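> coords below, sequence missing:
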């Protein structure tokens, strides 16, 4: 009997909402939170966001153009995909730009602790932006996704810098990293 009553009530609610000029889709918790995060976003001058679909705040791009360090003058595009469990789970972030970096692999996966084990719901998109920007200022060879780049950064900084510059010009580095990337 209780199920029947709840089904009748649900049907009444649906009919009432369609009479009122169409059904309005409720915003999910993830949509509400990402809206808040984006409204409070304080981008540094070296960063910009793009929304391929302005109605979809859960999928967007971040462009980082470092003005110092090994990657100065480069343009690096990251895609953000915010899942339904945000902020309890971090967004999926991928680098769409081929880059020679210890903390970014060939598939664009990013090694940033707050995107993995150190994520907490109190963190925001702003935290991720600053974390990504910091990776370009201070690459971390101690926690690499690209071991070759990490080893080179630790053993021969000058060669590492040459390989970064060549990669940013669209060239490949050695017989391993960018040859695989261009195939």
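Happy to help now that I have it. Computed from a predicted model, the values in this text were never measured in an experiment.
> The helix or strand containing residue 63 pairs with which strands?
With secondary structure defined by DSSP states H and E, residue 63 is part of strand 59-64. The pairing partners recorded for strand 59-64 under DSSP bridges are strand 47-50 (antiparallel), strand 76-81 (antiparallel).
> Break down this structure into its helices, ranges please.
Counting by DSSP state H, one finds helices in the chain at the ranges 2-19, 29-39, 125-137, 147-155, 157-168, 177-182.
> Can you list the low-confidence ranges for the protein?
1-24, 172-183 (pLDDT under 70).
> what do you get if the cut-off is 80, keeping everything else the same?
Within the chain, the ranges that satisfy pLDDT under 80 run 1-25, 171-183.
> measure the most centrally placed residue in it to residue 155 for me?
For the chain, the residue nearest the mean C-alpha position is residue 93 (2.8 Å; Cα atoms, centre = their mean). As judged by Cβ to Cβ, to the nearest Å, residue 93 and residue 155 stand 29 Å apart. Every residue, glycine included, has its C-beta placed from N, CA and C.
> Also residue 69?
19 Å.
> Tell me which of the two has more neighbours.
In terms of neighbours (other Cβ atoms under 10 Å), residue 69 is the more surrounded of residue 69 and residue 155; the figures are 14 against 10.
> Tell me how many other residues surround residue 132.
22.
> Now do the same contact list for it.
Residues near residue 132 by Cβ atoms under 8 Å, 6 or more residues apart in numbering: 62, 64, 78, 93, 110, 112.
> Isn't the second one up against residue 136?
Yes. Distance between residue 64 and residue 136: 6.3 Å, which falls inside the contact criterion (Cβ atoms under 8 Å).
> anything in contact with each of these two?
The contact lists of residue 64 and residue 136 share residue 76, where a contact means Cβ under 8 Å, 6+ apart.
> need the strands paired with strand 59-64 in CSV with distance to residue 168, can you?
Formatted as CSV, the strands paired with strand 59-64 follow (distance: least, Cβ to Cβ, whole Å):
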stretch, distance to residue 168
strand 47-50, 17
strand 76-81, 9
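> which one of the ones you listed is the most hemmed in?
strand 76-81 (a mean of 18; mean count of other Cβ atoms under 10 Å).
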